[in-house]
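[1] Could you look at this predicted model? Sequence included:
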Amino acid sequence: MPRTLFFALLFVAFSSASVLAQEGVVLQNGLPFYKGREIAQTMHYRGAPWLIRESRQREEDCQKMLENLGVKPGMTICDMGCGNGFYSLKLAEMVGEEGKVLAVDIQAEMLRLLKARAEEQGIDNIELILGDIDNPKLPEGKVDLVMCVDVYHEFSHPEEMLAGMRKALKPDGKIVLLEFRMEDPKVPIRTLHKMSKEQILKEYKANGFHLAKEFDDLPWQHMMFFEKAKEEN
């Protein structure tokens, strides 16, 4: 095949993936708005190639994000909205044989894609969980870190999902939230798929969390760590 034709086909493939990544899954009985924010539709599994696009490291500096997660060998990490496993596979290596990754998605097709990639790489410390739109189906009190990368803004039942994740955390466990910055007009993502720090704090504080720390050195995204707020007597 001529090189020009090959690259033309490659460009078409990735352009198609980008378009499909914007295609949403229509969920029944979900909230259209939450605390003044319009809720985005869940990305369709047919857009999965966009999650593993070649440009993602350059655009999001995924390696820097992983270096600042605080992951240690032996941890139990949840990759919430795992998709086809872009981060699940990396996390599985980071937690090692004694650790575990709980990969949660509401689309069985995404989990099948992840399973195939894990088998191809010989990774066996990932547990696949088919969640519901209002229940992540995580084990109670077993998770060190729940990672939500560009997915929270798509939750059609944010309060129920946050409650489920809160129950799943160990006493010192955390949720790390990554969302594209609403405050930065130069971030080339549709407004519907961005969140501001102000909005994030409004929603998380209302659901029993407080901000533990944040990392502000990623190109496009907020990175905010939340802990369970102490209950007032």
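    Good, I have the coordinates.

[2] burial count for residue 169?
    Number of residues near residue 169 (other C-beta atoms under 10 Å) recorded here: 23. C-betas here are computed from N, CA, C, even on glycine.

[3] ditto for residue 149
    Neighbours of residue 149 (other C-beta under 10 Å): 22.

[4] quick one, phi/psi of it?
    Residue 149 has phi and psi values of phi -100, psi 110 when expressed as degrees, to the nearest 10.

[5] what's the nearest residue to it if we skip its chain neighbours?
    Leaving aside its sequence neighbours, residue 149 sits nearest to residue 178 (C-beta to C-beta, 6 or more residues apart in numbering; 4.6 Å).

[6] on contacts alone, who are the packing partners of the host helix or strand of the one you found?
    According to DSSP states H and E, residue 178 maps onto strand 169-181. Counting contacts by 3 or more C-beta pairs under 8 Å, 6 or more residues apart in numbering; DSSP states H and E, strand 169-181 is packed against strand 143-149, strand 194-195, helix 197-205, strand 221-228.

[7] can I get those in CSV with mean pLDDT?
    Compiled in CSV, the helices and strands packed on strand 169-181 are given as follows (pLDDT from 0 to 100):
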stretch, mean pLDDT
strand 143-149, 98
strand 194-195, 98
helix 197-205, 98
strand 221-228, 98
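
[8] out of the ones you listed, which comes closest to residue 71?
    Proximity to residue 71, assessed across the helices and strands packed on strand 169-181 by C-beta to C-beta, is greatest for strand 143-149 (6.9 Å).

[9] before we move on, the earlier item: so what's the residue nearest to residue 149 up against?
    Residue 178 makes contact with 65, 147-150, 218, 221-224, according to C-beta atoms under 8 Å, 6 or more residues apart in numbering.

[10] What's the separation between it and residue 141?
    Computed as C-beta to C-beta, to the nearest Å, the residue 178 to residue 141 distance reads 24 Å.

[11] Residue 80 too?
    17 Å.

[12] between the two, which one's more packed in?
    Between residue 80 and residue 141, counted using other C-beta under 10 Å, residue 80 has the larger neighbour count: 28 against 11.

[13] got a pLDDT number for that one?
    Turning to residue 80, the model gives it a pLDDT of 98.

[14] Neighbours of the nearest residue to it once chain neighbours are set aside, how many?
    Nearest non-adjacent residue to residue 80, counting by C-beta to C-beta, 6+ apart: residue 148, 4.7 Å away. Residue 148: 24 surrounding residues under other C-beta under 10 Å.

[15] Enumerate the helices of the chain by residue range, in sequence order.
    3-21, 56-60, 62-67, 86-95, 108-121, 158-168, 197-205 (DSSP state H).

[16] Mind checking those for the one nearest to residue 74?
    Of the helices of the chain, the one closest to residue 74 (C-beta to C-beta) turns out to be helix 86-95, at 6.6 Å.

[17] Show me what that closest one is packed against.
    Helix 86-95 sits against helix 62-67, strand 76-80, strand 100-105, helix 108-121, strand 126-130, strand 143-149, with contacts defined as 3+ C-beta pairs under 8 Å, 6+ apart.

[18] Many thanks, have a good one.
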